[in-house]
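[1] curious how this folds, go ahead:
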Amino acid sequence: MPTDVQSCGPQIAIAGATGRVGAALVGKLLGDPVQLVALSRRAKNDVLPINVPMRTIDFDRHSSLVDALRGVERLFLAHGTSDQQVKNEIALIDAAIESGVSYIVKLSAMGPPSKYHPFDWHTEIEARLADTDLGYTILRPSTFTDVLSRAGAFVLQDLWGGAAGDGRVNFINTSDVADVARVALMEERPLTSRRAYHLTGPKAVSMPEIAEAISRLLGRKVVYEHRAPDDQKQTLLDAGLTEMAAEISVGLDRIFHDSAMSETTNTYYDITGKEPKSVDDWLKRNIAHFTSPRTD
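    Sure, this is the predicted structure:
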C-alpha cells in the first residue's frame, strides 16, 4: 500500500481530484489534520500540488479501485460528465464497501427527476448509494457558474444564444461547493448519518440578464439569442461539439427554461458562515473568457 506524506487524522480519498471541484477541495484540505490521497485515472499529475499523494485507478480493474481505497475512511466521490459516469461511480461505491470506507461525500446535482443527462445519471448513482449501509452526504449544487465560460467563443463572434429563454437559474461557484465538501468530510458527527445539501448562489438570474452584465463589463452590447432546442443543438454541433455534449447542453438549457433550478437556499451560509459568490462576481473575475479565445 502506498505510503502517504501526511500522518495525522482520518485518511480521506478524493476521487476526481483533478476535476474542478476535486482540485479546489484538495487545496482546501491541505491545511487540515488529515491523511489526504488523490485518486485519478491519469498517472501524471499536472494539476495538484506535488506533495499530494496520488493513486492511479483503472475503472476496468476492480482490484485497482479496492487497492486504492485501502485504509481510506472517508471518500469524496466525483466524476466528469460522461456516458461511463454511472458505471464508474457505482464501481467506486462497491469498492469502497469492500475496502472498509465508512463515509462518502458524493457530488451530485440539484433539480427535479429528469430524462436529461447528467441528472438521470446522478439519480441512478444516488439510488445505489442509498441501498448500502454507508454513511453519506450528497451535495446537490445548482449549475456551476463557470459553465458560462463556454459562452466565451460565441460572445466573441456575436453568436451567443440557446434554448433557455427567460428562465432563471441560481448558479453556484465551484469553490463554494468545495467549501461545503470540505466541511462534510471533516465533520465529527457520526459517520453513519445520511444527508443531502442543496447548494445555490445568492439569487437566480436569466441568461438575458447575464448578457446585460457582460455588456456592462465589456462596454459593448452582448445579446443572448433565443433559439428552439433543435436549432441550438445544430449550432453546437456546427461549432464542433460532440453529439453527447450538444445533447447535454441543450438538456441543461431546458432545465433553465423551466426555472427548475431557480430556488435560493441558505445552505451554503448555514454550513460555512459565509455568503455565496454571485454571478456578477464570477463575471468580473473571469471577463477574459469573453475577450480572448480559449486555448484549452
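[2] can you pull out the low-pLDDT segments for this structure?
    Within the chain, the segments meeting pLDDT under 70 span 1-7, 43-46, 189-190, 293-296.
[3] where do the helices sit along it?
    20-29, 62-68, 85-99, 119-130, 152-156, 174-186, 207-218, 229-238, 243-257, 267-272, 279-285 (DSSP state H).
[4] in CSV, list those along with distance to Ser193 and mean neighbour count.
    Yep, even glycine has a C-beta here, placed from its N, CA and C like the rest. Shown next, in CSV, are the helices of the chain (distance: least, C-beta to C-beta, whole Å; neighbours: other C-beta atoms under 10 Å):
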stretch, distance to Ser193, mean neighbour count
helix 20-29, 20, 21
helix 62-68, 25, 17
helix 85-99, 16, 20
helix 119-130, 13, 17
helix 152-156, 41, 19
helix 174-186, 10, 22
helix 207-218, 37, 17
helix 229-238, 41, 16
helix 243-257, 29, 19
helix 267-272, 14, 16
helix 279-285, 32, 16
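[5] next, format the ones you listed as CSV and append distance to Ile50.
    Putting the helices of the chain into CSV (distance: least, C-beta to C-beta, whole Å) gives the following:
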stretch, distance to Ile50
helix 20-29, 12
helix 62-68, 19
helix 85-99, 25
helix 119-130, 32
helix 152-156, 31
helix 174-186, 20
helix 207-218, 36
helix 229-238, 37
helix 243-257, 32
helix 267-272, 28
helix 279-285, 26
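[6] contacting residues for Val66?
    95, 98-99 (C-beta atoms under 8 Å, 6 or more residues apart in numbering).
[7] ditto for Tyr136
    103-106, 129, 194-195 are the contacts of Tyr136 under C-beta under 8 Å, 6+ apart.
[8] with adjacent residues omitted, what lies nearest to it?
    Distances taken as C-beta to C-beta, 6 or more residues apart in numbering put Ile104 closest to Tyr136, at 4.5 Å, once the chain neighbours are dropped.
[9] give me the neighbour count for that neighbour.
    A count of neighbours around Ile104, defined by other C-beta atoms under 10 Å, yields 27.
[10] what's the separation between Leu65 and Leu218?
    Separation of Leu65 from Leu218 (C-beta to C-beta, to the nearest Å) stands at 46 Å.
[11] my read: Leu148 touches Arg285, true?
    No - applying C-beta atoms under 8 Å as the test, Leu148 and Arg285 come out as separate, 11.7 Å apart.
[12] gap between Glu275 and Lys284?
    When Glu275 is compared with Lys284 (using C-beta to C-beta), they lie 16 Å apart.
[13] next: Ser193.
    38 Å.
[14] what does Leu48 give?
    27 Å.
[15] cool, and Trp160?
    18 Å.
[16] circling back to that earlier point, among the contacts of Tyr136, which ones are in strands?
    103-106, 194-195 (DSSP state E).
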